[in-house]
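A.B. asks: let me see the structure of the following:
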Amino acid sequence: MIFNPEVETLSREEMRTLQLKRLQKTVARVYGRVPFYRAKFDAKGLKPEDIKSLEDVTKLPFTVKQDLRDHYPFGLFAADLKDVVRLHASSGTSGKPTVVGYTRNDIEHWAEVVARCIAAGGGKPGDVMHNAYGYGLFTGGLGLHYGGEKLGVATVPVSGGNTARQITLIEDFKPRIICGTPSYVLRIAEAMKEMGKDPRQTSLKYGIFGAEPWSEEMRRTLEETFDIKAVDIYGLSEVIGPGVGIECHEAQNGLHIQEDHFLVEVINPETLEPVEEGQEGELVFTSLTKEAFPVIRYRTGDVASITREKCICGRTTTRMSRVKGRIDDMLIIRGVNVFPSEMERCLLQVKELAPHYQVHIRKEGYLDAVELCTELAEDVYRQINEDLNHDFVRKLKGKVERLIKEECLVSINVSIQAPKSIPRSEGKAVRVVDERKNNTRTA
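C.D. replies: The predicted structure follows:
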């Protein structure tokens, strides 16, 4: 099902015409209403009327997350507070939170793009959708909620946590769709198995997962565990929240970007120059329709590529690859760059292990030591009589270390632990524990 075929199947020329018109309007809005952007434009000698083509977007200044923190809370708003009907914010665990606002039109547009996403992910009017994304200041829960209502699905606002109740509602309400972070939905499956229930026997047919990078191997794990089709949804609060893009369930091959609302670029994060289509780089988004909190060339920190090849689902929108990781989550191990999601891909190829892991970074003398912690599958743990010193565990550790060496090109110490040793998350999974600075990073 295509929710809005009039827009989602536009020709490339028609889409570019629409994008340019909206880009020019957005640039004029921020220049006239946001002193930060006016100063940035003036420093470059730019005026709104200088934007005559889509290619002129590269003349515009970048925006980074620190800019949002520096203008906390409302310094980058392009609408008066009397016209703002919703505020969301980040957790602010590493400093001032980033605050975003929405006018009534912004909320309508947000619901529209998320409705398109749910339809692309397999949803249709009349379905029941179990929404396990967190509600509150985090944009995930309410973003999916309003999109579900716009599409016409019965949305269950269960939020995260209280896993036993989640299972009861899945059994009683018989949803066809589940939404949440992949790590938490796996926790639901784990709890079902602990209760003697089979996750494959639920009513679920489709899963819409996001808010953390996850690998193709994680997709296979989720699909096999629940007997569903799993698709990746993308978004970030600074741009709008969930709904910027999603995979279609037909192809599961690249996330369709809602291009009438978001102009995408991919740049080399070091040179800041655009990269060729198909090459990986940092995703950059310019919002085209937001009123309260428009962003110009926002550097997301997410690493991906884009393609404009036609998709079998019939949509003509640009697709982005699944996010490989965040630039600031990239680990440099003895000169080799590696993302946690790349190690996840290796771990999930080993059926003797559970799909849970953490990377711990410690200081040993003058050097950084990296340890990948994972768990034995429960049935394997029982077979070796819960003996982690068993020869089987030693050989398995060597196998995993060799696999990571072959596929990620790094040598890393692997620690295989008992089941349920690694903390479970009810939202975004904590994948990197940096003990050098006593902080953690979500997936």
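A.B. asks: residue 396 in helix, strand or coil?
C.D. replies: helix (DSSP: H, G, I helix; E, B strand; the rest coil).
A.B. asks: nearest residue to it in space, please, no chain neighbours.
C.D. replies: residue 352 (5.8 Å; Cβ to Cβ, 6 or more residues apart in numbering). Any C-beta I mention is one placed from the backbone N, CA and C, and that applies to glycine too.
A.B. asks: that neighbour: what's it in contact with?
C.D. replies: By Cβ atoms under 8 Å, 6 or more residues apart in numbering, the contact list for residue 352 reads 376-377, 380, 396.
A.B. asks: now with 10 Å?
C.D. replies: By Cβ atoms under 10 Å, 6 or more residues apart in numbering, the residues touching residue 352 are 376-377, 379-381, 383, 392-393, 396, 399-400, 416.
A.B. asks: which among these end up buried?
C.D. replies: Among the contacts of residue 352, those scoring as buried are 376, 380-381, 393, 396, 400, 416 (criterion: 16 or more other Cβ atoms under 10 Å).
A.B. asks: which of the residues you listed fall in helices?
C.D. replies: If you go by DSSP state H, the buried ones among the contacts of residue 352 have 380-381, 393, 396, 400 in helices.
A.B. asks: just the closest of the contacts of residue 352 to residue 15, please.
C.D. replies: Nearest to residue 15 among the contacts of residue 352: residue 400, at 45.4 Å, using Cβ to Cβ.
A.B. asks: gap between the closest one and residue 351?
C.D. replies: Going from residue 400 to residue 351 by Cβ to Cβ, to the nearest Å gives 12 Å.
A.B. asks: can you name the two of the ones in helices among the buried ones among the contacts of residue 352 that sit furthest apart?
C.D. replies: Of all pairs drawn from those, the greatest distance, 15.6 Å, lies between 381 and 400 (Cβ to Cβ).
A.B. asks: pLDDT of stretch 167-177, averaged?
C.D. replies: Taken as a whole, stretch 167-177 carries a mean pLDDT of 98.
A.B. asks: low pLDDT regions in the stretch 301-443 of the chain?
C.D. replies: By pLDDT under 70, the low-scoring segments of the stretch 301-443 of the chain are 366, 437-443.
A.B. asks: for it, just list every one of the helices.
C.D. replies: For the stretch 301-443 of the chain, applying DSSP state H, counting those that start in this stretch gives helices covering 340-347, 378-383, 391-408.
A.B. asks: show me what the longest one is in contact with.
C.D. replies: Residues lying outside helix 391-408 but in contact with it, judged by Cβ under 10 Å, 6+ apart, are 331, 333, 336-339, 342-343, 345-347, 349-350, 352-353, 372, 374, 376, 380-381, 383-384, 387-388, 390, 410-417.
A.B. asks: now do it against helix 340-347, angle only.
C.D. replies: Computed with axes from the mean of the first three to the mean of the last three Cα atoms, to 10 degrees, the direction of helix 391-408 lies at 130 degrees from that of helix 340-347.
A.B. asks: in helix 391-408, what counts as buried?
C.D. replies: For helix 391-408, burial by neighbour count (16+ other Cβ under 10 Å) applies to 393, 396, 400-401, 403-404, 408.
A.B. asks: out of the contacts of helix 391-408, which are buried?
C.D. replies: 331, 333, 338-339, 342-343, 345-347, 350, 352-353, 372, 374, 376, 380-381, 390, 410, 412, 414, 416-417.
A.B. asks: elements contacting the helix or strand hosting residue 115?
C.D. replies: Per DSSP states H and E: residue 115 is located in helix 104-120. Using 3 or more Cβ pairs under 10 Å, 6 or more residues apart in numbering; DSSP states H and E, the elements in contact with helix 104-120 are helix 5-8, strand 84-89, strand 99-103, helix 139-151, strand 206-209, strand 229-236, strand 241-247, strand 255-257.
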